[in-house]
Every structure is written in structure tokens, then in C-alpha cells.
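Quick one, structure for this:
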Amino acid sequence: MEKYSVFGELLYIGFVCEKGRCKSSGLWKWGYKKILYKHIVLLKHMIQCILVNKVTENDSYVLKKIVLLIQKEKHIGRYYPIKEEILTKLHECNYSIINSVDLGVSIKNINLLMSDIINEILELLDRGVFVDKKKITMLIRALHNLPRVYLKKNLQTICDLNQPSIEYKDAIQYAFSNMDENTKQKYKKYYQ
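The predicted structure follows:
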């Protein structure tokens, strides 16, 4: 399987999951912040994987952590449609299913923008009891379509979404259309 397609698909599923679950106002369900934090940390690890333009042992380690979180946290796991035969294959080959990297696909600005935004979300979640729910929700909305630049139809991945990809320019425009003015200014270096 190709590295960017695998991690792009998992990132897209994760961001869409949290986009649907994260509420900008009102009370969050008990324990949601803790689960959100775990999920965001894992998504950060996936972004760190795609920042590296080669297949590494860390890719297998992160895939294993993803599967373990999906199996442990059922309310997150239901968003990741991994078939049983893929889970078996992952386990049998010690999560070493990534065997190629399409160097023509890596889009550094998208990767760095996702990394910066995810770090900001983690900082907001670390602020204690009172978190800026509106800002976290806005940042997740800005993130959710960015990994779609890595999706390809008819290419085997872990979840086999067969979701069409979007162009770099469209992904960036969509991200910025979901940001408030202060956030646009903060990340304007990525808007090219």
C-alpha cells in the first residue's frame, strides 16, 4: 500500500469523525475531551508520518496505535470501516503494509499546515477545564478536507473509502474559508 494514500485516508476519516462529534458550544459529553485529546494526538502522529518522504518503522508503529485505539474506543472506531480481513493482514505482517511512497504526491505546505493546526488544537485542549470549544471546532473544520489531496480512487487502502481526491488549491481554499480572520492571518504563509 502507498504511504500517503493510507495515512491521508485515515486522517480524513479522523477529521471528519471529530468534525461531526465536536460541538462549538454547550456542554461536551463526559469524557469527550479526554477521548478527543487521544484521537488528536494519534492524528498528529499520522501527520508526522507523512512529513517523512520514505517508509519507516514508525509508520508501522503508528498504524498499530491507530488500530488499537479504534478497537478500544468504539465511539471512534465506528467511523473507521476497517474490514476484518484487513485487520488480520495487519496483525499477521506486524502492521508493515506500507511498501511505497509516491514522491510526486507529497505536498509540503498541506502537511505543515495540518501539523501547525493540530498543534494549536492540542495547546487549546491542554488549557485545563475551560477550553475554547468554538476555536477547536473551527480548526477541525479547517483541517478536515486537507488530507483529501492524498486520496485516490481504485487504490487499496486500509478502509477502501474510494473517496475522490481534491486539488491542492481547493483544499487550501476550503481550509481558509472555515477560518476566522485571526486564524487566516496566523496561517497566511500557507495560502499560495
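
switch to C-alpha atoms for all contacts and neighbour counts from now on
Noted.

which residues in the chain form strands?
Here the chain has no strands by DSSP state E.

And the helices in this protein?
Applying DSSP state H to the chain gives helices spanning 3-21, 32-50, 57-72, 74-77, 84-92, 108-125, 133-143, 168-177, 181-186.

and those helices as CSV, adding distance to Gln156, mean pLDDT and mean neighbour count?
Below are these laid out as CSV (distance: least, CA to CA, whole Å; pLDDT from 0 to 100; neighbours: other CA atoms under 10 Å):
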stretch, distance to Gln156, mean pLDDT, mean neighbour count
helix 3-21, 8, 92, 22
helix 32-50, 17, 93, 18
helix 57-72, 15, 91, 17
helix 74-77, 20, 86, 15
helix 84-92, 11, 85, 13
helix 108-125, 22, 94, 18
helix 133-143, 24, 95, 22
helix 168-177, 22, 94, 18
helix 181-186, 35, 95, 12
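
now for those, which one comes closest to Val101?
helix 3-21 (5.3 Å; CA to CA).

returning to what we had before: is it possible to get TSV of the helices of the chain that adds distance to Leu151?
Converted to TSV, these look like this (distance: least, CA to CA, whole Å):
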stretch	distance to Leu151
helix 3-21	5
helix 32-50	13
helix 57-72	17
helix 74-77	20
helix 84-92	18
helix 108-125	13
helix 133-143	15
helix 168-177	12
helix 181-186	25
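
check contacts around the residue lying closest to Leu51 once chain neighbours are set aside.
Once flanking residues are discounted, Leu51 sits nearest to Asn111: 6.3 Å by CA to CA, 6 or more residues apart in numbering. By CA atoms under 8 Å, 6 or more residues apart in numbering, the contact list for Asn111 reads 47, 50-51.

contacting residues for the residue lying closest to Leu69 once chain neighbours are set aside?
Spatial nearest neighbour of Leu69, chain neighbours left out: Gly77 (7.4 Å); criterion: CA to CA, 6+ apart. Gly77 sits next to 69-71 when contact means CA under 8 Å, 6+ apart.

closest to Val16 among these?
Ile70 (14.8 Å).

The residue lying closest to Ser100 once chain neighbours are set aside: neighbouring residues, count only.
Among residues not flanking Ser100 along the chain, Glu2 sits closest, at 4.9 Å (CA to CA, 6+ apart). Residues near Glu2, counting by other CA atoms under 10 Å, number 17.
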